[in-house]
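*Asks:* Got a predicted structure plus its sequence, pasted below:
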Amino acid sequence: MSSIVLKKAAVWLPEGFEDSNYIAAQTGVPEKVVREKMGIVRKCRASSDMHPGEMAVRAARKVLKGIDPLSVDMVIWTGSEYKDYIVWTAGIYVQKELGLRNAHAFDISARCGNKILGLHLAKSLMLTNPNLKRVLLCGGHRTGDLVNYKDPGARFLNNLSDGGSAVLLERGENNPLLESSIITDGDFTHDVIVPAGGTKNPTRNNPDASLTYLQVPDIEGMRVRLEARSIQNFLKVIREASSKSMTKPIDYLALLHMKKSAHDAILSPLELAQNQSIYLDHYGHFGAPDQVLSLGLAEKRGLLKKGDHVTFASAGIGYMWSAMSMRWDENTFDVNELEDLG
């Protein structure tokens, strides 16, 4: 019986960026701290006329090159909730723009855990429905818009950046998706919010621009909870997903961008060397595209070999920690299309 495999993957990255010098000037944080502690040499920023739906379309065009659009059976939006319009299904827009007339589309919402949740969901659906032969997961992000550099309580969000990603799943033998693990913790549910725009505080009733950015109402409480739980939950989902997937240890860990000390605090207990994961300090934190970009960079830099155990891991504010393993057998990216800024 064939497996559900990651056939192709791609990212779309904008040409614009904000670097450590700019962020330091905006925040008042020393540039050395921005670069070395926050881990932001630069981060990707899209132009004002480039929106998440189009970013997803551009990434998806790369993975669908040479593929009949009518052969795609499902589209899952794994991008940001902050998209072109509120109360809008972006997956259906992608379906229309790409001519995927035989597919049905929907959006999922798990913040920065969207890609791993989407892979887990798509794999499950394909295993239970033999009519699903090709599934496209894609999304765009411009969460850089939600960063208020003047808010010292939300500085850990300063790495949020813009870009799109797409992956195509099929049935086959190479690059099989393996097992996954997910943890959610409701103690963090109100820790990172955009105060305005929802039913509790409709923007039309209170058009205060400062309330349209991500905020952390209880920064000290959140720090205490994260310090006690975050790294341990990361390690738990990574170990569970990987141990259920392959008998061999992890060869490469595709992580989201976070501060460098947290990145290293995950690698060290797993006995992973620095070259077994790529630190995305030249890109920032997109959200769901982080793991896709990390995989592409690993392929471009020649860090992977046939049969390697690759694990994706992420966390999404809310809070969700998630991980999924795959066996890497062949390139998923057209590496010539991927610009390596690191």
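*Replies:* Done, it's in.
*Asks:* biggest helix in the protein by residues?
*Replies:* As assigned by DSSP state H, the longest helix anywhere in the chain is helix 219-245.
*Asks:* for that one, packing partners?
*Replies:* Other helices and strands packing on helix 219-245, by 3 or more Cβ pairs under 8 Å, 6 or more residues apart in numbering; DSSP states H and E, are strand 177-184, helix 260-267, strand 308-316, strand 320-328. Just so you know, the C-beta spots here come from the backbone N, C-alpha and C atoms, and that holds for glycine as well.
*Asks:* Outside of whichever helix or strand comes after that helix itself, list whatever touches it.
*Replies:* Following helix 219-245 in sequence order, the next helix or strand is strand 252-255 (DSSP states H and E). With contact meaning Cβ atoms under 8 Å, 6 or more residues apart in numbering, strand 252-255 is reached by 238, 263, 266-267, 270, 272, 276-278, 290-292, 294-295, 298, 303-304, 308-314, 328.
*Asks:* Now with 6 Å, please.
*Replies:* Identification of contacts with strand 252-255 by Cβ atoms under 6 Å, 6 or more residues apart in numbering yields 272, 276-277, 291, 294-295, 298, 310-313.
*Asks:* Turn those into CSV, columns for neighbour count.
*Replies:* Shown next, in CSV, are the contacts of strand 252-255 (neighbours: other Cβ atoms under 10 Å):
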residue, neighbour count
L272, 20
Q276, 17
S277, 23
Q291, 28
S294, 25
L295, 28
A298, 23
V310, 26
T311, 31
F312, 27
A313, 29
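*Asks:* Redo the helices and strands packed on helix 219-245 as TSV? Include distance to W88 and mean pLDDT.
*Replies:* As requested, the helices and strands packed on helix 219-245 are exported to TSV (distance: least, Cβ to Cβ, whole Å; pLDDT from 0 to 100):
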stretch	distance to W88	mean pLDDT
strand 177-184	25	98
helix 260-267	33	97
strand 308-316	20	97
strand 320-328	23	98
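*Asks:* And these: which comes nearest A105?
*Replies:* For A105, the closest of the helices and strands packed on helix 219-245 is strand 177-184, at 20.4 Å, according to Cβ to Cβ.
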